[in-house]
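**Student:** Give me a model of this one.
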Amino acid sequence: MQSRHEHLMVMEKIKGCVVDSGGGDPFSTQVWALGFVDSLPRKRGAPRLPPMESPHMDKIILLFLLETFFYILVNLPRLKERLKRTKSILKEKQTFPQLYMYSTDDKVIPFKSIEMFMEEQKKMGRNVISFNFGSSSHIGHYWNFRNRYSSMLGDFLKQCFGTEWHI
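**Tutor:** Take a look at the predicted model:
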C-alpha cells in the first residue's frame, strides 16, 4: 500500500507528459520488437553475417525472436503484476496535460493506435494536445522538423510551467 501511495505522490508532482512516437498500446510486444529492430545501428563497416536467401528473412527472424522474448518477459508473474499496477495508476490519476507528437509514416507504431489512445484520454477528460508530422519516420520528428518540433515543445512547457522556454 505504501508503494501505491508513493506512486500517487509522484503523479501529483508531474506537470506534463511529452510522448514522441509513442502512445497506443504501451504494452504491445510487437511494437517493442519493431522499435528495437528499427533502432539497431546501421553502421558502415560493421561485421555482418552473410546474407540469407531472402534479404528480409533475417529481419523477420529477429522480429519473431524479439516478440517471443518480450512476450515471455511481460508474462513473468512479478513483471506482469508490476505492469498491471503501473497501468492502473496511469489510468486513474492523471491531471497533467499530454503532448503527443507522431507521424502517419511511422513504420513502428501505427498512427491509428496513437489517435485511438488520444481519444480515450480525451474521453476521460484529459488535456490532450497533438501534432502529426506526416512524413516523418519513427522518432525522426526533431531531425526532420527541428523548428516546428522546438516550437511545439516550448509552447507545451510554457503551458505546463507558466514560463517561457527556448529550446
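
**Student:** Could you pull out the strands in this structure for me?
**Tutor:** Using DSSP state E, the strands of the chain run over 17-20, 98-102, 128-132.

**Student:** Take those strands and write them to a markdown table, including mean neighbour count.
**Tutor:** Every residue, glycine included, has its C-beta placed from N, CA and C. What follows is the strands of the chain, written out as a markdown table (neighbours: other CB atoms under 10 Å):
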| stretch | mean neighbour count |
| --- | --- |
| strand 17-20 | 17 |
| strand 98-102 | 23 |
| strand 128-132 | 17 |
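
**Student:** among the helices and strands of this structure, which one scores worst on average pLDDT?
**Tutor:** Within the chain, no helix or strand scores below helix 2-13, which has a mean of 69 by mean pLDDT, DSSP states H and E.

**Student:** Which residue lies closest in space to the residue nearest in space to the middle of the chain, excluding its sequence neighbours?
**Tutor:** For the chain, the residue nearest the mean C-alpha position is residue 22 (2.6 Å; CA atoms, centre = their mean). Distances taken as CB to CB, 6 or more residues apart in numbering put residue 109 closest to residue 22, at 6.4 Å, once the chain neighbours are dropped.

**Student:** could you point out where the protein is predicted with low confidence?
**Tutor:** The chain contains residues with pLDDT under 70 at 1-5, 7-8, 24-27, 39-55, 89-90, 93, 164-167.

**Student:** Any buried residues in the biggest helix by length in the chain, and which?
**Tutor:** The longest helix of the chain (DSSP state H) is helix 57-74. By neighbour count with 16 or more other CB atoms under 10 Å, helix 57-74 contains the buried residues 63, 66, 67, 70.

**Student:** Do a quick rundown of the helices in the protein.
**Tutor:** Assigned by DSSP H, the chain shows helices spanning 2-13, 29-39, 57-74, 77-92, 111-123, 141-144, 146-161.
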